[in-house]
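Q: I need the structure of the sequence given here:
(4 chains)
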Protein chains: 4
Amino acid sequence: MEDRTQQEQASPEIEARIRESFDRQGLMRHLGAQITRIAPGRVHIALPSRPEVTQQHGYFHAGATSAIADSAGGYAAFTLLPENTEVLTVEYKINLLAPAVGDHIEAVGTVLKSGRTLTVCRLEVFGVQDGRRKLVANGQQTLIRVNRPEQ
Amino acid sequence: MEDRTQQEQASPEIEARIRESFDRQGLMRHLGAQITRIAPGRVHIALPSRPEVTQQHGYFHAGATSAIADSAGGYAAFTLLPENTEVLTVEYKINLLAPAVGDHIEAVGTVLKSGRTLTVCRLEVFGVQDGRRKLVANGQQTLIRVNRPEQ
Amino acid sequence: MEDRTQQEQASPEIEARIRESFDRQGLMRHLGAQITRIAPGRVHIALPSRPEVTQQHGYFHAGATSAIADSAGGYAAFTLLPENTEVLTVEYKINLLAPAVGDHIEAVGTVLKSGRTLTVCRLEVFGVQDGRRKLVANGQQTLIRVNRPEQ
Amino acid sequence: MEDRTQQEQASPEIEARIRESFDRQGLMRHLGAQITRIAPGRVHIALPSRPEVTQQHGYFHAGATSAIADSAGGYAAFTLLPENTEVLTVEYKINLLAPAVGDHIEAVGTVLKSGRTLTVCRLEVFGVQDGRRKLVANGQQTLIRVNRPEQ
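A: Coordinates of the predicted model:
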């Protein structure tokens, strides 16, 4: 997947469906997260630093870090699915490699395997300070494809 | 651990240290989470339902579910540590077993193994509706003990 | 699941299907593993200590520990499925809590959630020495139900 | 880590220590696994196909797949440690992406983060048939550094 996603952009239809779904995620809005890139099999979500997303020492809370990682993986999976389907997270595992600090953090979800029923994504989260990026969390996620509920 | 935690309460000192730490977690306050029980090796955290913690279908977002699970496990580990130490999450894995719905969800972190350096916790999250509880997520977490930074 | 499994035995048909499948697992035979209990939603597999299953310090190798844990979870899932279906492991996560030592180790797979497509199991492995049991590994596993291939 | 490991070989001392440790792993010998590459932060282990490492359909058993993945990650971590230390697996998580088939499978352990106490590795396993490689499993592992026991 990785080579493809370096070059391509997702179709406008997919991008619109993802943005519309993202806007309905109350948590993402409440945290202040934003989608910063949508490519086939890869989605980036950024979260600016502010007191509302911290743990007790002022770093980004692991819950905020993994919330945007989970959403980035979910939408990455979504870019490769047929219309009228969507995905639910089955499970994920995340290692918090370093204190999550920076102007903002950025989660990158990348599809490793897109199957008929299940999708597996790699999750990475970077701390970004003055343009320098450092890997602060790394994980892996399993998602299941479901038929889209009627709107 | 489990038998002990059914009966005991944590000491007032530990309870005070946990509540003081929790109050400094900007994310927990921002989400509206509350500690509802502190026992040796077990901590409960509840999160009421409201639009700010949802995903696109109105269920609790997996990120919110796992944020309180992660904090519950962290504080459960904390109850068994000597003074002047604290814990950082090394990693966790969580399965989202069912849509997280209810008046509120409640995360229960329980210490499975408390070692000199590492602690391993079980994470459970229940959806609670009108007093009925349903397991909606189940996970496992590894934490590392660190010396407490000077205040 | 847990209460039920304390009391019940799996039906003779399910037990026969599991033993027949287990006997075809070359790895289990090669390691010397044996099924020691089959109940609805719970299966036990034991592995006697011998040099062929060790790591460099003479403990049971994490690979042997997790091999029997994975199989125990898979067959636990299998006990709750309709005929003509079987399960494949999607993923698992395991914490190695203590050196795996003893006369033998015993893996216990327990179904936490049995869904239409996916099953989630708890995996536990105990070191057993002179009848005393100690938890040496704890994990969680996701499995997918598939139609049974024609024999 | 990844760029460095493309070009370098581990020092002869480290290579000798790893091969000597590997030879003491009864399980690896019993399965028929072999170390095929040792670079700083990356180790490859191959396992030829034979009935003794299969599950009930003749594929490589998930237990065999993850046993060599776990060992590959452990030795990858080991390449970056000071003398007189070694590593124990704390936990790992692995997704089985596709049936593990081929002449042989090859596990690649790569260090993502080498800290003072903990190391985190990426685990990949490829099925290899007539020189063609396919990713069949992908995981993530946490290890802890310990002082080497006296020999």
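
Q: Quickly check: stretch A:71-86 near chain B or not.
A: Yes. Interface with chain B: stretch A:71-86 contributes A:Ser71 (CB under 8 Å from any CB of the partner chain). The C-beta positions use only the backbone N, C-alpha and C, and glycine is treated the same way.

Q: Would you mind listing the buried residues in stretch A:32-43?
A: A:Gly32, A:Ala33, A:Gln34, A:Ile35, A:Ile38, A:Ala39, A:Pro40, A:Gly41, A:Arg42, A:Val43 (16 or more other CB atoms under 10 Å in any protein chain shown).

Q: out of these, what pair is the most spread apart?
A: Using CB to CB, the two most remote members of those are A:Gly32 and A:Pro40, lying 26.6 Å apart.

Q: returning to that earlier point: kindly indicate which of the buried residues of stretch A:32-43 lies nearest D:Leu88.
A: Nearest to D:Leu88 out of the buried residues of stretch A:32-43 is A:Arg42 (CB to CB; 34.5 Å).

Q: Okay, that closest one and chain C: tell me how far apart.
A: Noted for A:Arg42: a distance of 21 Å to chain C, by CB to the nearest CB, to the nearest Å.

Q: could you give the angle of the longest helix belonging to chain A to helix B:62-78?
A: Criterion DSSP state H: the longest helix present in chain A is helix A:62-78. Interaxial angle, helix A:62-78 versus helix B:62-78 (axes from the mean of the first three to the mean of the last three CA atoms, to 10 degrees): 150 degrees.

Q: So what's the gap between helix A:62-78 and the chain middle?
A: 3 Å (CA atoms, centre = their mean, to the nearest Å).

Q: how about it, does it reach chain C?
A: No. Judged by CB under 8 Å from any CB, helix A:62-78 and chain C are separated, with a smallest distance of 13.8 Å.

Q: Show me what secondary structure element comes after that helix.
A: Toward the C-terminus, helix A:62-78 is succeeded by strand A:85-96 as the next helix or strand (DSSP states H and E).

Q: Can you point out the buried residues in that next one?
A: Residues A:Glu86, A:Val87, A:Leu88, A:Thr89, A:Val90, A:Glu91, A:Tyr92, A:Lys93, A:Ile94, A:Asn95, A:Leu96 are the ones in strand A:85-96 that count as buried (16+ other CB under 10 Å).

Q: partners of it in the sheet?
A: Paired neighbours of strand A:85-96 in the sheet (DSSP bridges): strand A:132-147 (antiparallel), strand B:85-96 (antiparallel).

Q: elements contacting the very next helix or strand once past the shortest one?
A: Sequence-wise, the next helix or strand downstream of strand B:85-96 (DSSP H and E) is strand B:104-114. Helices and strands in packing contact with strand B:104-114 are listed as strand B:42-48, helix B:62-78, strand B:118-129, strand B:132-147, strand C:132-147; criterion 3 or more CB pairs under 8 Å, 6 or more residues apart in numbering or on different chains; DSSP states H and E.

Q: For strand B:104-114, list every residue counted as buried.
A: Quick answer for strand B:104-114 (16+ other CB under 10 Å): B:His104, B:Ile105, B:Glu106, B:Ala107, B:Val108, B:Gly109, B:Thr110, B:Val111, B:Leu112, B:Lys113, B:Ser114.

Q: A:Ala100: what's its closest spatial neighbour, skipping adjacent residues?
A: Spatial nearest neighbour of A:Ala100, excluding adjacent residues (CB to CB, 6 or more residues apart in numbering or on different chains): A:Phe60 at 3.7 Å.

Q: before we move on, the earlier item: I'd like the strands paired with strand A:85-96 laid out as TSV, including mean pLDDT.
A: What follows is those, written out as TSV (pLDDT from 0 to 100):
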stretch	mean pLDDT
strand A:132-147	96
strand B:85-96	96
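
Q: I'd like to know how many residues surround A:Pro82.
A: Counted with other CB atoms under 10 Å in any protein chain shown, residues neighbouring A:Pro82 total 6.

Q: And it, its phi and psi?
A: phi -70, psi 160 (degrees, to the nearest 10).

Q: what about A:Gly127, distance to B:Leu27?
A: Using CB to CB, to the nearest Å, A:Gly127 is found at 16 Å from B:Leu27.

Q: Please apply the same query to A:Phe126.
A: For A:Phe126 relative to B:Leu27 (CB to CB), the value is 19 Å.

Q: who has more neighbours, those two?
A: The residue with more neighbours, out of A:Phe126 and B:Leu27, is B:Leu27; 25 against 19, by other CB under 10 Å.

Q: State the distance from the nearest residue in space to the more buried one that is not next to it in sequence to A:Leu96.
A: Spatial nearest neighbour of B:Leu27, chain neighbours left out: A:His61 (3.8 Å); criterion: CB to CB, 6+ apart. Distance of A:His61 to A:Leu96, given as CB to CB: 10 Å.

Q: same deal with A:Val87?
A: In terms of CB to CB, A:Val87 sits 24 Å off from A:Leu96.

Q: Return the member of the buried residues of strand B:104-114 nearest to chain C.
A: Of all these, B:Lys113 has the smallest distance to chain C: 4.5 Å, by CB to the nearest CB.

Q: For the closest one, list each beta-bridge partner.
A: Applying DSSP bridges to B:Lys113 gives these bridge partners: B:Val120.

Q: Next one: it, what pLDDT does it get?
A: Among the per-residue scores, B:Lys113 shows a pLDDT of 97.

Q: wait, it sits on C:Leu97?
A: Yes. Assessed by CB atoms under 8 Å, B:Lys113 is found in contact with C:Leu97 at 4.5 Å.

Q: Give me the common contacts of these two.
A: B:Val120, C:Leu135, C:Asn138 (CB atoms under 8 Å, 6 or more residues apart in numbering or on different chains).

Q: Most neighbours among these, which one?
A: Neighbour-wise, these (other CB under 10 Å) top out at B:Val120, 23 neighbours.

Q: how much space is there between that residue and B:Ile68?
A: 19 Å.

Q: Assumed A:Ile38 was part of a helix.
A: No. Assignment of A:Ile38 by DSSP: H, G, I helix; E, B strand; the rest coil gives strand, placing it outside any helix.

Q: residues contacting A:Arg24?
A: Residues in contact with A:Arg24 (CB under 8 Å, 6+ apart) are B:Gln55, B:Gln56, B:His57.

Q: hang on, the earlier thing: of all the buried residues of strand B:104-114, which comes closest to chain A?
A: B:Ala107 (10.3 Å).

Q: Return the distance of that closest one relative to B:Arg24.
A: As for B:Ala107, its distance to B:Arg24 is 19 Å (criterion: CB to CB).

Q: Within range of chain D, give me the residues from chain A.
A: Counting by CB under 8 Å from any CB, the residues of chain A lying close to chain D are A:93, A:95, A:97-98, A:112-113, A:120, A:122, A:135, A:138-140, A:142.
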